[in-house]
Structures are given as structure tokens and as C-alpha cells.
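Visitor: coordinates for the following, if possible.
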Amino acid sequence: MVTLETLNFDNSFSRLPDVFYSAVKPQPLKGARLVHFSPDAARLIDLPEAELLRPAFVDYLNGENPLPGAYPLSQVYAGHQFGHYVPQLGDGRAILLGEVINQQGERWDLQLKGAGLTPYSRMGDGRAVLRSTIREYLCSEAMAGLGIPTTRALCLLHSEEPVWREQLESAALLLRLSPTHIRFGHFEFFCHSGQHEALRQLTDYVIKTHFPALEGNDTPYLALFRWVVEKTAVLMADWMAIGWTHGVMNTDNMSILGLTIDYGPYAFMDEYHPDFIPNHSDTEGRYAYKMQPWIGQWNLGRLAAALTPLVPVEALKEALGGYEKIYWEAYTIKMLAKLGLSQATSGVTELITSLLTILHEHRVDYTVFFRQLCHFQPGGMNAAITSLFQDPARIDGWLADYTRVLEESGEPIGQAQARMKRVNPKYILRNHMAQQAIEQAEQGSFKEVERLHQLLQTPFDEQPGCESYAEPSPDWAKRIVISCSS
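Guide: Below is the predicted model of the structure:
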């Protein structure tokens, strides 16, 4: 049995030259205690639940004692933030404890978020507050439940130690897992600071550690970029199809593995609105819902620019030129599945476009509509669907077109319904749900965190007794403000 003391550490990043990182130590929080953990995430590094309940677990994470085999460090990187290049960022409140290889041979970074000051904290305090930590903890595990590539969250620690944001709040620690936390901004830092040999070392490291199949490629750096283009395009399609908006798609928040990373002012849409902006700080709508595919492409352009010391410009341009095709193909496949279709037929693109227009015009809840569509009966009574619209006649016409497309597909309606239920969740982490969990946690109860964590592990399943969590958001939820400090 694996214990905390026998985790299989192989800290490959720490074996790179120290230009890539700074060795640091977690700074203990006063009275930190474990308030929740994810058994599913723990299994990724072979840890039994009993190990997480040992007092030593909190001591190790909180920096009271060094975790055997760990080599704590913080990584340096740069990034384009809201379109403007910042030459040095880095892990300002994150500390990579080390890399664990599980029994399946998978590599997992163990990264603490909120563990104290690092050389890259700039004007920050290196801490995370309970509010933002709960939001990341719940959403990263919710995205995993939805099947969307993401970093994972193993546990949440809380302390009464005060932290000042817009107001006085309490501190928290998150332990998150990822095969790597390397971002587009890592490459930007070494390119634009003129450290091109270090850039080559970083790229070689990424290929050797995470893409060993590319080592024998005639053009491994270009092959890596092509892979990142594809994975990023597919990730954008995932976000768009599920109705989720990141909120801060800076290049330092873009994973080289195509994972969802850095959960700040994110949100699942309630009413469908292409211009939806979850981040109160994004006054110009740069990172609005509809912008995500194109910001993904723009960010890849910044990664391409950072790779120009290693790859010819024209080759990078050609690889990036394939992004739109990959994105639209992936998005179309996902939207077809949401409609219960396995392949495109005549008029299906127009069917998708017209549906989104109607949902927007009638301010219909995106998630609720698609879940109700799972029960659609051609030629039958579909009041649960039509009642979502102010003018039911408007959707009646669309449903008639939808019926025709279903008939042309030749698939039994039961198969279509089953396909839809696998991709149209009944439960998502709505802002008001997270807010209620946060407010209760701030009063000392983590029961709602537990309830939501359990609910969102299986978001596609019917869960008796949880029907209220599948309802549209109440009107008061529209007043919730999420900013970068969230």
C-alpha cells in the first residue's frame, strides 16, 4: 500500500537548470485543517483515503514538515495578460511539491496553491482565500466529471488566518494535480528574454517527459506545436459545447497539454448569450464566451512566436492555419451529439445555428434546454421543452425541422436520447450554487461543498432528491460578481 512517505517521486523538472525555477518552502498557515478531499483525485497518485485522514497529511501540505521525496519549487514564466505582454510572471502563490509517478506509470505534479510568498509573488502575498479555493476545487472536479480535460483538485485546507482582498477573508490551501503545469508563458519567457538555449532545453524536456513518441520525429518541435494546436482547438470546442467560459484566457493560463487550468472568474452560462462575460474585470469583453475559440487561436499565435528560434516561421504559420478546421470539426461533432445525431445530414448546420439564435432571443437556459431535449418525442407532447420559451410557437418550427433531421438520420429515437443523455448534463456548477457553498463554508460548514462535490461527479445521471440543483438559476444569482481575485 502506498503511504504519504512512500509516494513515488521523480522530480524531473527540478533536474533542469535553476534558471527555470526557484527552490522555495511552503509557509505554514496557522491552524490549517483538512476540510474536504476528492477520493477520485487521490486515486490518481495511488493514495488510500486513510492516508489523507492522517494528521501528517496536513503537516506535510502546510509545510510543518517536509514531504519525503518532494522538492518544492516555483516556476518562472511570462505571459500576455489581456493582450499585453508581461515579461516576467511565474508562480506567485503556487509551489510545486514534486512529481509522483503512479502504478500505471502516469506522472502527476503535486502543486500547492496559496502556500506563501515566492520570488514571483510581485506585490502579492502568496496566499489564496477560501472563496476562490472552493471555486477552483469544485469546478476542476466538476469538469473532470463532464469529461473535459482539466487539472484536478485533491484537497482543500482551511485556516482562520486573515487575508486581505477587497475585504478581510480567511486563507485556504488547494492541492492540485496535473501531468504538468507548464504553460504557453514558459516558452514566451525564455524566447523573449533571449534565453534561446534554455528555450530549447525546455522544449526538449516537454517532448521527452510528455511526448516521447515525438523524439524520433524529423521535426519534433513543429510536431509538438501541431499537437498543441489540435488539443487547444478541441478544448475550446469542449468549453463552447458545454456552455462554460474561462474568464481570463491569458497565455500564462494556457496549458501546453491542452488542459483547463487556473479557475478564476469562470462561469457556466445560465441563459444562452454569446456575449456572456463572467469576469467583472473584463470591461471590454476580450474573454467573453463567444471569443474563446478565437482567443485560443490568438494565444497559439503567441506560442508560435515563442518557438521561432526553433522552428521556421512559415512552418509554424502553416500549422496554426489548421486550427479553425480542427475547431469547427470538433465543435460540430459535439453539437451533433447534443442533438442526438451521430453524423451530419442535410441542413444540420443551419439547424444548430437557428437553435442558438432562438435560445438567445428567448433567453433560455442553455443547460436546461438541452437536458429537456433528451426527452423529445417526435410528434408527441413536448411541453417541458416548449414551456421554456416565451413564445412556444417560435420553438415549434425548429422542433419540426429537428424531427425531419432525426427521421433522415434513420436512427431510433431511443438511441438518439441515450446519446444526448451522455453529453447533456443535468447538473452543472452554477455560480449561485458555488456561492451558497462558499457562504456556508465561511460560517464553518462544509456540508454544501461535500454535497456539490458528490453531485458533480456524475453530472449526466438522474440523482433522486437533487432535482432543485437542476433548475435554472434564481434571479438573485445575476447579481453575483466574479473578478480576478475570485
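
Visitor: so where is the stretch 251-400 of the chain shaky, pLDDT-wise?
Guide: Judged against pLDDT under 70, the stretch 251-400 of the chain has no low-scoring part.

Visitor: ok, longest helix in this structure?
Guide: The helix that spans the most residues within the chain, counting by DSSP state H, is helix 220-242.

Visitor: same question for it, mean pLDDT?
Guide: Taken as a whole, helix 220-242 carries a mean pLDDT of 98.

Visitor: by contact count, what packs against that helix?
Guide: For helix 220-242, the helices and strands in contact under the criterion 3 or more C-beta pairs under 8 Å, 6 or more residues apart in numbering; DSSP states H and E are helix 196-210, helix 292-306, helix 313-320, helix 323-338. C-betas here are computed from N, CA, C, even on glycine.

Visitor: name the element the residue lying farthest from the centre of the chain belongs to?
Guide: Distance from the centre of the chain peaks at residue 379, with 39.3 Å (C-alpha atoms, centre = their mean). Residue 379 belongs to no helix or strand when assigned by DSSP states H and E.

Visitor: pick out the residue nearest the middle of this protein.
Guide: For the chain, the residue nearest the mean C-alpha position is residue 260 (2.9 Å; C-alpha atoms, centre = their mean).

Visitor: mind listing the residues bridging to it?
Guide: Judged by DSSP bridges, the bridge partners of residue 260 are residue 150.

Visitor: distance check, residue 406 against residue 394.
Guide: For residue 406, the distance to residue 394 equals 19 Å [C-beta to C-beta, to the nearest Å].

Visitor: of the two, which one has the most company?
Guide: residue 406 (19 against 13; other C-beta atoms under 10 Å).

Visitor: wait, the more buried one sits on residue 377?
Guide: No: with contact defined as C-beta atoms under 8 Å, residue 406 does not count as touching residue 377 (10.5 Å).

Visitor: need the residues touching each of the two.
Guide: Common contact partners of residue 406 and residue 377 (C-beta atoms under 8 Å, 6 or more residues apart in numbering): residue 413.

Visitor: which positions in stretch 42-53 come out as buried?
Guide: The neighbour-count check on stretch 42-53 (16 or more other C-beta atoms under 10 Å) flags 42, 44-47, 51-52 as buried.

Visitor: mind checking which of these land in helices?
Guide: Using DSSP H, 42, 51-52 are the members of the buried residues of stretch 42-53 that sit in helices.

Visitor: for residue 278, give its distance to residue 484.
Guide: From residue 278 to residue 484 the distance is 11 Å (C-beta to C-beta).

Visitor: now for the two: what residues contact both?
Guide: Here residue 278 and residue 484 have residue 265 as joint contacts, going by C-beta under 8 Å, 6+ apart.

Visitor: looking at these two, which is more packed in?
Guide: Shown here are residue 278 and residue 484; by other C-beta under 10 Å, residue 278 has more neighbours (25 against 15).

Visitor: which regions of the stretch 101-250 of the chain sit below the pLDDT cut-off?
Guide: Counting by pLDDT under 70, not a single residue of the stretch 101-250 of the chain qualifies.

Visitor: follow-up on the earlier one: OK, contacts around the residue nearest to the centre of the chain?
Guide: Contacts of residue 260 by C-beta under 8 Å, 6+ apart are 140, 143, 148-151, 235, 239, 246.

Visitor: same question for residue 400.
Guide: With contact set as C-beta under 8 Å, 6+ apart, residue 400 has no partners.

Visitor: what helix or strand is it on?
Guide: Secondary structure assigned from DSSP H and E places residue 400 in helix 392-409.

Visitor: what number of residues lie near the residue lying closest to residue 482 once chain neighbours are set aside?
Guide: Distances taken as C-beta to C-beta, 6 or more residues apart in numbering place residue 265 nearest to residue 482, at 4.1 Å, with adjacent residues excluded. Residue 265 sits with 24 neighbouring residues when counted by other C-beta under 10 Å.

Visitor: make 41 the starting number, not 1.
Guide: Okay, using 41 as the starting number, the last item reads as residue 305.

Visitor: wait, residue 305 sits on residue 293?
Guide: No: using C-beta under 8 Å, residue 305 makes no contact with residue 293, being 11.2 Å away.

Visitor: quick one: the closest residue to residue 59 other than its chain neighbours from residue 168, how far?
Guide: In space, and not counting its chain neighbours, residue 59 is closest to residue 238: 5.5 Å by C-beta to C-beta, 6+ apart. From residue 238 across to residue 168, the span is 29 Å (C-beta to C-beta).

Visitor: of those two, which one has the most company?
Guide: residue 168 (23 against 17).

Visitor: isn't residue 284 up against residue 306?
Guide: Yes: between residue 284 and residue 306 there is a contact under C-beta under 8 Å: 6.8 Å.

Visitor: the helices in the stretch 91-240 of the chain, which residues?
Guide: 95-101, 170-186, 224-232, 236-250 (DSSP state H, counting those that start in this stretch).

Visitor: cool, the stretch 391-526 of the chain as well?
Guide: 406-413, 423-426, 432-449, 453-463, 471-482, 487-495.

Visitor: how about TSV for those helices, with distance to residue 376 added?
Guide: Listed next are the helices of the stretch 391-526 of the chain as TSV, based on distance: least, C-beta to C-beta, whole Å:
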stretch	distance to residue 376
helix 406-413	12
helix 423-426	19
helix 432-449	10
helix 453-463	9
helix 471-482	29
helix 487-495	27
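
Visitor: of all those, which one is nearest residue 324?
Guide: Of all the helices of the stretch 391-526 of the chain, it is helix 471-482 that lies closest to residue 324, at 21.3 Å by C-beta to C-beta.

Visitor: for residue 440, see how far away the closest residue in space to residue 434 that isn't next to it in sequence is.
Guide: Nearest residue to residue 434 in three dimensions, chain neighbours excluded: residue 398, at 5.9 Å (C-beta to C-beta, 6+ apart). Going from residue 398 to residue 440 by C-beta to C-beta gives 13 Å.

Visitor: name the residues contacting each of those two.
Guide: What both residue 398 and residue 440 touch, as defined by C-beta under 8 Å, 6+ apart, is an empty set.

Visitor: nothing else from me, thank you.
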